[in-house]
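Participant: here is the input, now give the coordinates:
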Amino acid sequence: MSENSTKMRASKIPEQSSWSMVGKDPWTMPIEKIDVSHPGIWHTNEFLPFLERLRKEDPVHFCAESAVGPYWSVTKYSDIMEVDTSPHIYSSEPTVGIIDSYEEFTLPMFIAMDPPKHDDQRRIAQPVVAPANLKRLESIIRERVCTILDGLPVGKEFDWVQYVSIELTTQMLATLFDFPFEDRYKLTYWSDAATAIPGAGVVSSNEERWTAMEECLQVFTGLWNERVNAEPGSDLVSMLAHGEATRNMPPMEYLGNIILLIVGGNDTTRNSISGGVLALNENPAEYDKLRANHGIIPNMVSEIIRWQTPLAYMRRTALVDTELGGKQIKAGDKVVMWYASGNRDEEAIDRANEFLIDREKARQHLSFGFGLHRCMGNRLAEMQLRILWEEIMQRFHKVEVVGAPQRVYSSFVKGYTHLPVRLHPLN
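Facilitator: Here you go, the predicted structure:
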């Protein structure tokens, strides 16, 4: 990995704000004061008890005052499913993020659109993860995984996030976009810049974020211009340039969809790659199960994705006055589906607070969403994780975590900036 990409990942967290829940007792504070949108408790890994209390006592919870304004938190599996599968009541527009002011960075993209425009644009990009293309990609992914793993220092401490999680997903992104391979780290930077909170290490201000986005648009406009005048290809840029529903997109919409596809191809897989290593270290009996039976890997991959929940929430906006969980929601209200909470709902998932790699029905989690916005690349993410763990188990007795993980300062992206590990070879 380049020196510049390492610098981009320097971690400096803003001073704790007056809105932060860090250090507060979720069980004794007034429940109406709980605000799970603030990134502090996600950065310090203190969020689970707050979500547990909301599930038990107020599963459709109204937060009247927060740094992002008033919003509803939906924390139980069944209620999240109801919202996620009711686009006629809960709209994805204007954005799936909890902040919706343009100054705070909102771009049009098909994940933040309702039918029919959402369906028409998503259909254009869908072939990149069709079964035939996944089959073609499998050998490419395995070759790259082997190269990455064989280049790691055995017995010495290194950062798993930097040298494995980021490296594998960035190479995959470059392939999906047919992006210049030598410049692939720009994709990771643009992904991080798009989702980062200004001042948290990746970008210092919204101005710096927009500078990064303008660079992204300029580069991808160049790729568009090359491919729109060529025969249709199998990469995402060519698909968008030739697609009937996308070929006349205005520049900001093109940028929005590019950022969506970059983030979607980056964060889910990257943070699950890191989260899986951490989960196995925190649950050594599960690591023993894995050593005893490599055939359990596909099931384990689903459990890792549930356990990690790499995107903690998606937001909707109520189109009409409605009722959810006995609460009256008004048209225009923000409604936040906390996938990270639904995936720990013991009424829907047996032993939900345990990491069990042989769990029955492991794919029945919320990490990919449900309904028309279900993650387009879910099978590709699962395939990358499966291949990675198949090859890890051929080489190493253990990927040992040797220090505390550093987490992303965000309540949206639930991931890691640093995970120190040491590899132990097979005997």
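Participant: contacts, neighbours, all on C-alpha from now
Facilitator: Will do.
Participant: for residue 314, helix, strand, or coil?
Facilitator: Under DSSP: H, G, I helix; E, B strand; the rest coil, residue 314 falls in the strand class.
Participant: got a pLDDT number for it?
Facilitator: The model reports residue 314 with a pLDDT of 90.
Participant: same check, this time on residue 211
Facilitator: For residue 211, the model assigns a pLDDT of 91.
Participant: now it: phi and psi?
Facilitator: According to degrees, to the nearest 10, the main-chain angles of residue 211 amount to phi -60, psi -40.
Participant: residues contacting the helix or strand hosting residue 220, please?
Facilitator: Here residue 220 sits within helix 206-228, counting by DSSP states H and E. Helix 206-228 is contacted by residues 103-105, 190, 193-194, 198, 203, 233, 237-238, 241-242, 251, 255 when judged by C-alpha atoms under 8 Å, 6 or more residues apart in numbering.
Participant: residues making contact with the helix or strand harbouring residue 186?
Facilitator: Using DSSP H and E, residue 186 sits in helix 185-195. Under the contact criterion C-alpha under 8 Å, 6+ apart, helix 185-195 has outside partners 5, 8, 166, 170, 173-174, 202-203, 209, 212-213, 216, 259, 262-263, 266, 413.
Participant: one step back: and the contacts of helix 206-228, which of them are buried?
Facilitator: Buried by 16 or more other C-alpha atoms under 10 Å: 190, 193-194, 198, 203, 237-238, 241-242, 255, out of the contacts of helix 206-228.
Participant: the longest helix seen in the chain - contacts with which helices or strands?
Facilitator: With secondary structure taken from DSSP state H, the chain has its longest helix at helix 251-282. The contact analysis (3 or more C-alpha pairs under 8 Å, 6 or more residues apart in numbering; DSSP states H and E) places helix 251-282 against helix 166-177, helix 185-195, helix 206-228, helix 284-292, helix 297-308, helix 378-395, strand 396-401, strand 416-418.
Participant: for the record, mean pLDDT for that helix?
Facilitator: 89.
Participant: dump the helices and strands packed on helix 251-282 into TSV; add distance to residue 344 as well.
Facilitator: Converted to TSV, the helices and strands packed on helix 251-282 look like this (distance: least, C-alpha to C-alpha, whole Å):
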stretch	distance to residue 344
helix 166-177	27
helix 185-195	24
helix 206-228	34
helix 284-292	18
helix 297-308	8
helix 378-395	20
strand 396-401	24
strand 416-418	20
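Participant: quick one: residue 34 and residue 24 touch, right?
Facilitator: No - applying C-alpha atoms under 8 Å as the test, residue 34 and residue 24 come out as separate, 9.6 Å apart.
Participant: more neighbours, these two?
Facilitator: residue 34 (26 against 13; other C-alpha atoms under 10 Å).
Participant: give me the pLDDT value at the more buried one.
Facilitator: With respect to pLDDT, residue 34 scores 97.
Participant: next one: the one 4 residues further on
Facilitator: According to the predicted model, the pLDDT of residue 38 comes to 92.
Participant: from residue 262, how far off is residue 232?
Facilitator: As judged by C-alpha to C-alpha, to the nearest Å, residue 232 and residue 262 stand 20 Å apart.
Participant: ok, those two, which is more surrounded?
Facilitator: Shown here are residue 232 and residue 262; by other C-alpha under 10 Å, residue 262 has more neighbours (23 against 15).
Participant: could you find the closest non-adjacent residue to the more buried one?
Facilitator: residue 191 (6.0 Å; C-alpha to C-alpha, 6 or more residues apart in numbering).
Participant: a strand runs through residue 335, doesn't it?
Facilitator: Yes - counting by three-state DSSP, residue 335 is found in a strand.
Participant: just the C-alphas of the helix holding residue 186, formatted as CSV.
Facilitator: Taking Å, rounded to 0.1, in the frame of the first residue of the first chain, the C-alpha atoms of helix 185-195 are listed here in CSV:
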residue,chain,number,x,y,z
TYR,A,185,-6.2,3.7,-3.9
LYS,A,186,-8.1,6.8,-5.1
LEU,A,187,-11.2,4.8,-5.0
THR,A,188,-10.7,3.9,-1.3
TYR,A,189,-10.0,7.6,-0.5
TRP,A,190,-13.1,8.8,-2.4
SER,A,191,-15.2,6.2,-0.6
ASP,A,192,-13.9,7.3,2.8
ALA,A,193,-14.2,11.0,2.0
ALA,A,194,-17.8,10.5,0.9
THR,A,195,-18.9,8.9,4.2
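Participant: model confidence over that helix, on average?
Facilitator: For helix 185-195, mean pLDDT rounds to 88.
Participant: next, the angle from that helix to helix 166-177.
Facilitator: Interaxial angle of helix 185-195 relative to helix 166-177 (axes from the mean of the first three to the mean of the last three C-alpha atoms, to 10 degrees): 100 degrees.
Participant: quick one: helix 185-195 to chain centroid distance?
Facilitator: 13 Å (C-alpha atoms, centre = their mean, to the nearest Å).
Participant: how about that helix: buried residues?
Facilitator: Buried positions in helix 185-195, judged by neighbour count with 16+ other C-alpha under 10 Å: 185-195.
Participant: a markdown table for these, including distance to residue 354?
Facilitator: Shown next, in a markdown table, are the buried residues of helix 185-195 (distance: C-alpha to C-alpha, whole Å):
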| residue | distance to residue 354 |
| --- | --- |
| 185 | 35 |
| 186 | 37 |
| 187 | 34 |
| 188 | 31 |
| 189 | 34 |
| 190 | 34 |
| 191 | 31 |
| 192 | 30 |
| 193 | 33 |
| 194 | 32 |
| 195 | 29 |
